[in-house]
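Chemist: here you go, sequence then predicted model.
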Amino acid sequence: MFLRFMALILLLTGCMATETMRVVQTPKPIISNTSPIGKSVSVSIGKFNNKSSYQKGIFSDGVDRLGSQAQTTLIAHLNLSNRFNVLDRSNTESAKQEADINKQKQNIMGANYIIAGDVTEFGRKVVGDYQLFGILGRGKNQIAYSKVTINVINVLTSQVVLSVQGAGEYKLSTREVVGFGGTASYDSTLNGKVLDLAIREGVDKLGAAVDNGQLK
């Protein structure tokens, strides 16, 4: 009788499902927490390329996904900084189509500068350590590193008037002690997190340049 009761409990437990959710806060440039000094600067987004060795090689399909991701992240953080009027020309045709449907004439803004850049360094590595050949415990660190260069180009003269760099590192650590502890498989989200961190640092420097009158 007891065995039947336990089997029923296990059956009911196996049929139960739980669902959880939570909102994850998305980080913003630090400079967005302060009030801007002066007027916002109008900028158009230029090319952003992956110049690192990441996703390059004989098995690459030639699509610059990292550069595209960096460009999207750059647009968002420039806008969130409250220092720039960000003009994205990649959707010009779609905007014109909607204006035509509404029977309205477009009034497209001009930009003072083009902001372009490159992912110059990007990589992943796993570092592990063992205590007494792993008998007493072991640890693993997944480390992602990224560095970006962002250039501000005067649209009238094509002169690069300002260059900034941003870099970041993300580390996921796990440790097992005498058979107890957590383990972690490859975490692909570190790639996006570290790229976001590097670009945010670069945008903070660009925002500071607006506040001190270096960009007008």
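Modeler: Right, received. Where do you want to start?
Chemist: please name every helix or strand in contact with the helix or strand hosting Ala76.
Modeler: Secondary structure from DSSP states H and E places Ala76 in helix 65-80. The contact analysis (3 or more C-beta pairs under 8 Å, 6 or more residues apart in numbering; DSSP states H and E) places helix 65-80 against strand 41-50, strand 84-87, strand 113-131, helix 189-211. To be clear about C-beta, it is placed using only N, CA and C from the backbone, and glycine gets the same treatment.
Chemist: mind redoing it with 10 Å?
Modeler: Secondary-structure packing of helix 65-80 (3 or more C-beta pairs under 10 Å, 6 or more residues apart in numbering; DSSP states H and E): strand 41-50, strand 84-87, strand 113-131, strand 137-154, helix 189-211.
Chemist: export those to CSV and tack on mean neighbour count and mean pLDDT?
Modeler: Shown next, in CSV, are those (neighbours: other C-beta atoms under 10 Å; pLDDT from 0 to 100):
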stretch, mean neighbour count, mean pLDDT
strand 41-50, 19, 95
strand 84-87, 19, 96
strand 113-131, 17, 85
strand 137-154, 20, 88
helix 189-211, 21, 95
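Chemist: and the ones you listed as TSV, adding distance to Lys28?
Modeler: Formatted as TSV, these follow (distance: least, C-beta to C-beta, whole Å):
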stretch	distance to Lys28
strand 41-50	18
strand 84-87	14
strand 113-131	18
strand 137-154	17
helix 189-211	8
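Chemist: which one of those lies closest to Ile101?
Modeler: strand 84-87 (21.4 Å; C-beta to C-beta).
Chemist: name the strands paired with that closest one and say parallel or antiparallel.
Modeler: Paired neighbours of strand 84-87 in the sheet (DSSP bridges): strand 41-50 (parallel).
Chemist: ok now the strand it pairs with, how far from the chain's centre?
Modeler: On the basis of C-alpha atoms, centre = their mean, to the nearest Å, strand 41-50 sits 16 Å off its chain's mean C-alpha point.
Chemist: strand 113-131 and that strand, what's the angle between them?
Modeler: With axes from the mean of the first three to the mean of the last three C-alpha atoms, to 10 degrees applied, the angle from strand 41-50 to strand 113-131 works out at 50 degrees.
Chemist: tell me the angle of strand 41-50 relative to helix 65-80?
Modeler: Using the same axes, to 10 degrees: strand 41-50 against helix 65-80 is 160 degrees.
Chemist: could you give the angle of strand 41-50 to strand 137-154?
Modeler: Using the same axes, to 10 degrees: strand 41-50 against strand 137-154 is 130 degrees.
Chemist: with just CA atoms, put strand 41-50 into PDB.
Modeler: The C-alpha coordinates for strand 41-50 follow below in PDB (Å, rounded to 0.1, in the frame of the first residue of the first chain):
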ATOM      1  CA  VAL A  41      24.000  66.900 -31.600                       C
ATOM      2  CA  SER A  42      22.500  65.500 -34.800                       C
ATOM      3  CA  VAL A  43      24.400  62.400 -36.000                       C
ATOM      4  CA  SER A  44      23.900  59.900 -38.700                       C
ATOM      5  CA  ILE A  45      24.900  56.200 -38.300                       C
ATOM      6  CA  GLY A  46      27.700  55.000 -40.600                       C
ATOM      7  CA  LYS A  47      29.200  51.600 -41.000                       C
ATOM      8  CA  PHE A  48      30.200  49.500 -38.000                       C
ATOM      9  CA  ASN A  49      32.400  46.500 -38.900                       C
ATOM     10  CA  ASN A  50      33.900  43.500 -37.100                       C
END
